[in-house]
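1. Fold the stuff below for me.
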Amino acid sequence: MMLNPTKQVTTMMVCMAAAWQAQAAEIYVAPGGSDANPGTKQQPFKSIAHAQEHVRESGLLGKQPVTVYLREGTYYLSDALVFTPRDSGTEDAPVRYISHEGEDVAISGGLKLDLEWEPYRDGILQAKAPAGVAMDQLFVNGERQHMARYPNYDPNVRVFNGYAEDAFSKERAARWKNPAGGYMHAIHRARWGGFHFLITGKDENGELTFEGGWQNNRQNRNHNSMRMVENIFEELDAPGEWFHSADTGVLYVYPPEGIDLDQSEVVTVQLAHLIEFQGAVGPVPSPGVSPQAMPGDAGSGDPAYRKMLVSPVSWIILEGITFRHTARTFMETKEPLLRSDWTIYRGGAVTFTGASDCTVQDCTFDSPGGNAVFVNKWNRRITVKSSHFKEVGASAVAFVGSPDAVRNPQFEYRQQNQYDEIDMTPGPKSDDYPADCLVEDCLMARTGRI
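-> Okay, here's the model as predicted:
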């Protein structure tokens, strides 16, 4: 039987196209790769951001599952990776960013330093840091070091790992030539939460001047003795401490015993966020506009009820990744929650705003300076599971909606509503809050480390 040559060619082209699509659905990235490569297993991309752009332009989103394999190593980010609705998958065709099987993968907000160390004094070494680099935290061989502090770090002391009544007294401050840029930390006098301050200098009487203290929404005095000060040059006197001069750019390190800085990996933190999910979220612009109904939204009989117009980031999975080296955010923790004892910073190493059906699983959050995972305002069906959170600066996982979703919101702890002014309408005022989310099978240890 004779075969139609036209049908043969067409069949071959279809098969080739199907094979190409199957190959394109698996994209590879490696720290030693190149963004000029095709992103195959043999020739991987170098950056996750380039792989993200490749996925956007592939034409595969929503048509078939896409997996971006991250090969072993650390991916240092210069900016946070931002996922928008353009990056979304679907339930049948999700997008996965996953470590390659059996390989250790980390995403870092740090800057790896290559420095020339010289002796300073008393076991302290010094090196000129790159111009324009601010330093919030310092890691040596993966271990977080301590800003020069008083009292010195003691792992056996629960509060601040060391505290002293005279930590920021006038007498102690007399030892410091220029304390501007230092931080004062104190526990609330009733020991719920604490206060943090940035030192701005000294006044004519030698007393410290400072700003801050907005981290607690139930204001009161500092605890009389539970106090600690850090980032003070004159307090650099113990192994494991460091100080970076913003004026001269010199980094001083008192290395731990047995550590050779010339043979060590030294990383300073640069970013507060590593990955951001940013959907398009906003209130219905006018009563005449029909809101987009999203699965899981709450209903209301209130004619003033404001649903959100949402184009969410959907069906993206982060799996098997370690997130590390994010900046501390205690001086940005300012927003009061509703009559809570505390304030909040809306962000974390992984931040969700306007996302649905996205997952973080089998991940590790190692020493983030602030929140690890923050689920902000409108989000639906976000899952965090089988993940490890350790040495977290603030919260491991936080779900925080918008005050706009609350009827008669009050903020400061002592504020009260008048009964005859209370809006009695059942249900929320809008949908601008997380709902139907899940955290399960996670280990969270040593959070709130500052």
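
2. phi, psi of Arg56?
-> Dihedral pair for Arg56: phi -60, psi -40, per degrees, to the nearest 10.

3. which ones are touching it?
-> Arg86, Asp87 (Cβ atoms under 8 Å, 6 or more residues apart in numbering). (Each C-beta comes from the backbone N, C-alpha and C, glycine too.)

4. hmm, 6 Å instead?
-> Contacts for Arg56 (Cβ atoms under 6 Å, 6 or more residues apart in numbering) come out as Arg86.

5. Quick one, grab the pLDDT at it.
-> The pLDDT attached to Arg56 in the predicted structure is 97.

6. Over to Gln23?
-> Looking at Gln23, the pLDDT reads 43.

7. same thing with Trp342?
-> pLDDT, read off for Trp342, is 86.

8. Quick check, it in contact with Gly193.
-> Yes: using Cβ atoms under 6 Å, Trp342 is in contact with Gly193, at 5.3 Å.

9. overlap in contacts of those two?
-> Contacts common to Trp342 and Gly193, judged by Cβ under 6 Å, 6+ apart, are absent.

10. Could you count how many residues lie near Leu111?
-> 19 (other Cβ atoms under 10 Å).

11. and Glu53, backbone torsions?
-> The phi/psi pair for Glu53 (degrees, to the nearest 10) reads phi -70, psi -40.

12. One more: the one 4 residues further on?
-> In this entry, Glu57 is assigned phi and psi values of phi -90, psi 0 (degrees, to the nearest 10).

13. For burial, what's the neighbour tally of it?
-> Every residue meeting other Cβ under 10 Å relative to Glu57 is counted, giving 9.

14. Tell me the spacing between it and Pro31.
-> Here the criterion is Cβ to Cβ, to the nearest Å. By it, Glu57 lies 23 Å from Pro31.

15. what's the answer for Ile275, then?
-> In terms of Cβ to Cβ, Ile275 sits 17 Å off from Pro31.

16. okay, the two: which has more neighbours?
-> Ile275 (24 against 16).

17. pretty sure that one is touching Val350, no?
-> Yes: shown here, Ile275 and Val350 form a contact pair, counting by Cβ under 6 Å, at 4.8 Å.

18. Make sure Ala49 is indeed in a strand.
-> No: Ala49 is assigned helix when assessed by DSSP: H, G, I helix; E, B strand; the rest coil, not a strand.

19. Excluding chain neighbours, what is closest to it?
-> Spatially, and ignoring its direct neighbours in sequence, Ala49 is nearest to Leu81 (6.1 Å; Cβ to Cβ, 6 or more residues apart in numbering).

20. ok, Gln234 - contacts?
-> You called it Gln, but residue 234 is Glu. So Glu234 contacts Arg175, Trp176 (Cβ under 6 Å, 6+ apart).

21. One more: the one 10 residues further on?
-> Residues in contact with His244 (Cβ under 6 Å, 6+ apart) are Met135, Leu251.

22. May I have the strands that pair with the helix or strand where Phe323 lies, each with its orientation?
-> Taking DSSP states H and E as the criterion, Phe323 maps to strand 322-324. Here strand 322-324 has these sheet partners by DSSP bridges: strand 105-108 (parallel), strand 364-366 (parallel).

23. Would you format those as a markdown table with distance to Gly393 and mean neighbour count included?
-> Formatted as a markdown table, the strands paired with strand 322-324 follow (distance: least, Cβ to Cβ, whole Å; neighbours: other Cβ atoms under 10 Å):
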| stretch | distance to Gly393 | mean neighbour count |
| --- | --- | --- |
| strand 105-108 | 15 | 22 |
| strand 364-366 | 10 | 23 |
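
24. Put together TSV for these, with mean pLDDT and distance to Val250 on each row.
-> Shown next, in TSV, are the strands paired with strand 322-324 (pLDDT from 0 to 100; distance: least, Cβ to Cβ, whole Å):
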stretch	mean pLDDT	distance to Val250
strand 105-108	99	24
strand 364-366	99	28
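
25. Quick one, which of these gets closest to Asn152.
-> Taking Cβ to Cβ, strand 364-366 is the member of the strands paired with strand 322-324 nearest to Asn152, at 23.8 Å.

26. Can you give the contact residues for that closest one?
-> Under Cβ under 6 Å, 6+ apart, the answer for strand 364-366 is Thr322, Phe323, Arg324, Ala372, His388, Phe389.

27. Roughly how far does Met308 sit from Asp237?
-> On the measure of Cβ to Cβ, Met308 and Asp237 end up 54 Å apart.
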